[in-house]
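K.L.:
I need the structure of the sequence given here:
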Amino acid sequence: MLEFLHPGPDSTSELMAALADAERRDLIEPESRQMLEGVLRMAELCAGDVMVAAPRIDSLDIEAAYDDLLDQVIDSGHSRFPVFEGERDNIIGILLAKDLLKVQRAPELNLRTLLRPTVFVPESKGLNELLRDFRSNRNHLAIVIDEFGNTAGLITIEDVLEEIVGEIEDEFDDKDGESGIYTLADGSQRVAGDALISAVNHSFSADLPEDEFDTIGGLVAQQHGRVPRRAEVIELHGLRFAVMLTRGGAVRWFKVTRAERSPA
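P.N.:
The predicted structure follows:
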């Protein structure tokens, strides 16, 4: 009788609507609703949906010189790196950035001895199961492989958690009083998604259109057809926008360089 008088949700969409109604009635906080919806969405996602695609992976060559490896680690800012030998698909281990410092103090160390075992997962592996594996095995990174055993991408525990809680703040997050455009160590620019197009044009002597949108994030999303995901690259008017961080359905930070001109 109670089910007849007050029927419960019969689908995920109805449950989402019930959560939205609970928020409107102040039964739950907006942040709680977003996290609950994230949990529901995550149950339908797999590793292939949220991974960083193989061409965007910052990997290290085991045969590279130490100084070259150190420069790459510093420029990328990651804490863990897949290490390959020969071909990029031949990943032989994972190197922690902090472990690379041991070679500086003890040059006789063989870099291979510092590598951690690689965890490989199929593209079809569900995020719920993957999160359980990350927690139980104490691994924070896995290589995603396709049906032929080739490297399809990379996924971290942060990628999985962000499907629930949204983008996790890191060193790229803006602080009060800071500008929206910064020069990075490699000479490129870090540009906030809400930076004014006029400011970007001034900084790069570019001619991005300013008539329809005020912010660079809005312009890039409109030109791309959707909000780009992390590690995606879009070229506009001679500039190359690589997405560094997204949050709340919008790009938080771009890495902007001048696009390479094709030979005449």
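K.L.:
can you give me the mean pLDDT across the helix or strand that contains residue 253?
P.N.:
Assigned by DSSP states H and E, residue 253 belongs to strand 250-258. Strand 250-258 carries an average pLDDT of 88.
K.L.:
Same check on stretch 60-69?
P.N.:
Mean predicted confidence for stretch 60-69 is 91.
K.L.:
likewise stretch 131-139?
P.N.:
Here the average pLDDT along stretch 131-139 is 87.
K.L.:
For the stretch 1-150 of the chain, which segments are assigned as helices?
P.N.:
2-5, 12-24, 30-42, 47-50, 66-76, 97-105, 127-137 (DSSP state H, counting those that start in this stretch).
K.L.:
Quick check: which of those helices is buried the most?
P.N.:
Most buried of the helices of the stretch 1-150 of the chain by mean neighbour count (mean count of other Cβ atoms under 10 Å) is helix 47-50; its value is a mean of 19. All C-beta atoms are positioned from the backbone trio N, CA, C, and that covers glycine.
K.L.:
and the helices of the stretch 1-150 of the chain, which one's lowest on average pLDDT?
P.N.:
Among these, helix 2-5 carries the lowest mean pLDDT, at a mean of 46.
K.L.:
and residue 56, what does it touch?
P.N.:
Shown in contact with residue 56 (Cβ atoms under 8 Å, 6 or more residues apart in numbering): 153, 231-233.
K.L.:
and the least confident of those residues?
P.N.:
Least confident of those in the model: residue 231, at 81.
K.L.:
Let me know the secondary structure of that residue.
P.N.:
State at residue 231, reduced to three classes by DSSP: H, G, I helix; E, B strand; the rest coil: coil.
K.L.:
what's the spatially most central residue of the chain in contact with, if anything?
P.N.:
Central residue of the chain (Cα atoms, centre = their mean): residue 230, 4.1 Å from the mean position. Contacts for residue 230 (Cβ under 8 Å, 6+ apart) come out as 52, 243-246.
K.L.:
The same query, at a cut-off of 10 Å, please.
P.N.:
By Cβ atoms under 10 Å, 6 or more residues apart in numbering, the contact list for residue 230 reads 50, 52, 56, 159, 162, 167, 242-247, 251-253.
K.L.:
Specify which member of the contacts of residue 56 is nearest to residue 13.
P.N.:
Relative to residue 13, the closest of the contacts of residue 56 is residue 232; by Cβ to Cβ it sits at 27.8 Å.
K.L.:
give me every residue that touches the closest one.
P.N.:
Contacts of residue 232 (Cβ under 10 Å, 6+ apart): 52-53, 56, 220, 224, 226, 241-243, 246, 251.
K.L.:
Buried among these? Need that as a selection in PyMOL.
P.N.:
The buried residues among the contacts of residue 232 can be selected in PyMOL (16 or more other Cβ atoms under 10 Å) with this line:
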select buried, resi 52+56+220+241+242+243+246+251
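K.L.:
CSV for the contacts of residue 232, including distance to residue 27?
P.N.:
What follows is those, written out as CSV (distance: Cβ to Cβ, whole Å):
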residue, distance to residue 27
52, 37
53, 40
56, 41
220, 37
224, 37
226, 33
241, 41
242, 41
243, 36
246, 29
251, 32
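K.L.:
Going by residue numbers, what spans are helices in the stretch 151-264 of the chain?
P.N.:
So, for the stretch 151-264 of the chain - with DSSP H, counting those that start in this stretch - the helices run 157-165, 197-204, 216-224.
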